[in-house]
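Undergrad: Next come a sequence and a model predicted from it.
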Amino acid sequence: MKLLETYQLGPFTLRNRVVMAPMTRNRLTAEGLAGALAAEYYHQRATMGLLISEAIAISADAIGYPMIPGIYNEAQVESWRGITDRVHDAGGLIFAQLWHSGRAGHSSAKDGGVMVAPSAIAIRGQQIFTKTGLKDFEVPRALTTAEIGAIIRDYQDAAERAMDAGFDGIELNAANGYLPNQFLADGVNTRDDEYGGGVENRCRFILEAMDAMVQVCGPGRVGIKLSPSTDRYDITESNPLALYGYLVGALNPLPLAYLHFMQPLSTVDAAYWPKDVISAFGGLTVHTVIANGGYNQQRAEQEVESGRAQLVSFGALALANPDLPARFAAGAPLNTPDASTFYGGNEHGYTDYPFWKK
Ligand SMILES: Cc1cc2nc3c(=O)[nH]c(=O)nc-3n(C[C@H](O)[C@H](O)[C@H](O)COP(=O)(O)O)c2cc1C
């Protein structure tokens, strides 16, 4: 089974091609740090070829929700070191997913700070869950050109801290309607400086952030997650084929670890296009492709066997099956993910999913 064969990802030998997709789990210590429970959760899953962490805020300003971990001070770096050590002790590899919410969040989650975005356009037709109940999304403040430079430096600093914390690399969360995705989408970014307008300008933020992070992490240690067919958080893009086609090509000269493509999920993105993101963009990159979104073992095997992708990431199945590669190898039944314990809570639905026993 090719999915269970090793794979050389830049400097790393992955023991299989099963990747754990990044998943926010909102289980922090009372101090807001990733603690022993999170370390156990990641340790349990270390037999997957590569783990990608939950989204981690690059700065206090990047936070849009309560209970989101950060990597912008020493205490946070120390707490992540406890996790990377446990993963490495088990022979695993872990990348940190770096995150900025942009307009997709609520100011109440960041002590009076305001939401910022490429343009002063609010998310329409949806509400957000806050400490004081459901609220409309706020109109964000448009970032100045100088502030954009500062955020790119925040990404770079966070990437450097992630390496200090023992992560093997980092992934830019440019998917699912968060800040980098907001820069890309012409329905959200109406700027008239060098970060808005044509496709090249809308890709500039991501390209500068990636370049800045490669400078501190080195070759083969920086990846990016893209969701070209999502309309999550009211993302609208008039020509995803042209936009992502350009972006993927422009990422080719950088010495990256991978491009992580999220397929449209039928429940959420059914109306959007392209329907098969790997077919649309996978062939345009010189980098390793991680396919994500609704895969089971059989479809994942087809994806790597055909060569369309080299790795496949699993979200819900990896959360519910700490020993996913062993279960695949044995053709064992899988635990069913319990959506009621995805976000927040304690060890229940986090570290107590059973391992498979013959
Ligand atoms: C509980 C949960 C939390 C998630 N949090 C994140 C996140 O922090 N960052 C991200 O890029 N995607 C996040 N996702 C999306 C997953 O990474 C993945 O793209 C999605 O679940 C589709 O893969 P799947 O069909 O294998 O579950 C999350 C998904 C779940 C189920």
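TA: All right, it came through fine. Since the structure is predicted, the reported quantities are computational estimates derived from the model, not experimental observations.

Undergrad: Please make it C-alpha for all contacts and neighbour counts, starting now.
TA: Will do.

Undergrad: What is the burial count for Ala30?
TA: By other CA atoms under 10 Å, 9 other residues sit near Ala30.

Undergrad: That one falls within a helix, correct?
TA: No: read with DSSP: H, G, I helix; E, B strand; the rest coil, Ala30 is coil and lies in no helix.

Undergrad: And the pLDDT for it?
TA: Ala30 carries a pLDDT score of 79 in this model.

Undergrad: Which pLDDT value belongs to the residue nearest in space to the middle of the chain?
TA: Central residue of the chain (CA atoms, centre = their mean): Asn173, 4.1 Å from the mean position. Per-residue confidence (pLDDT) for Asn173: 98.

Undergrad: For it, give me its contacts.
TA: 55, 97-100, 180, 224-226 (CA atoms under 8 Å, 6 or more residues apart in numbering).

Undergrad: from the stretch 151-300 of the chain, which residue is nearest to the ligand?
TA: Closest residue of the stretch 151-300 of the chain to the ligand, CA to the nearest ligand atom: Gly294 (3.3 Å).

Undergrad: That residue contacts Met262, doesn't it?
TA: No: in terms of CA atoms under 8 Å, Gly294 does not count as a neighbour of Met262; the distance is 9.1 Å.

Undergrad: These two: which has the busier surroundings?
TA: Met262 (24 against 17).

Undergrad: any chance you could read off phi and psi for that one?
TA: Met262 adopts backbone torsions of phi -100, psi 120, taken as degrees, to the nearest 10.

Undergrad: I'd say it and Asn176 touch.
TA: No: here Met262 does not reach Asn176: they are 9.1 Å apart, not a contact under CA under 8 Å.

Undergrad: if I look at the residue nearest to Gly283 when sequence neighbours are not counted, how far off is Ala300?
TA: Closest residue to Gly283 apart from its sequence neighbours, by CA to CA, 6 or more residues apart in numbering: Arg308 at 7.5 Å. When CA to CA, to the nearest Å is the yardstick, Arg308 and Ala300 sit 10 Å from each other.

Undergrad: who's more crowded, the two?
TA: Ala300 (24 against 17).

Undergrad: Pull up the residues of the stretch 51-200 of the chain that are close to the ligand.
TA: Counting by CA under 6 Å from any ligand atom, the stretch 51-200 of the chain comes close to the ligand at 54-55, 173.

Undergrad: Let's see that with 8 Å instead.
TA: 53-56, 97, 173-176 (CA under 8 Å from any ligand atom).

Undergrad: Now render the residues you listed as a markdown table, adding secondary structure.
TA: As requested, these are exported to a markdown table (three-state DSSP):
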| residue | secondary structure |
| --- | --- |
| Ser53 | strand |
| Glu54 | strand |
| Ala55 | strand |
| Ile56 | strand |
| Gln97 | strand |
| Asn173 | strand |
| Ala174 | coil |
| Ala175 | coil |
| Asn176 | coil |
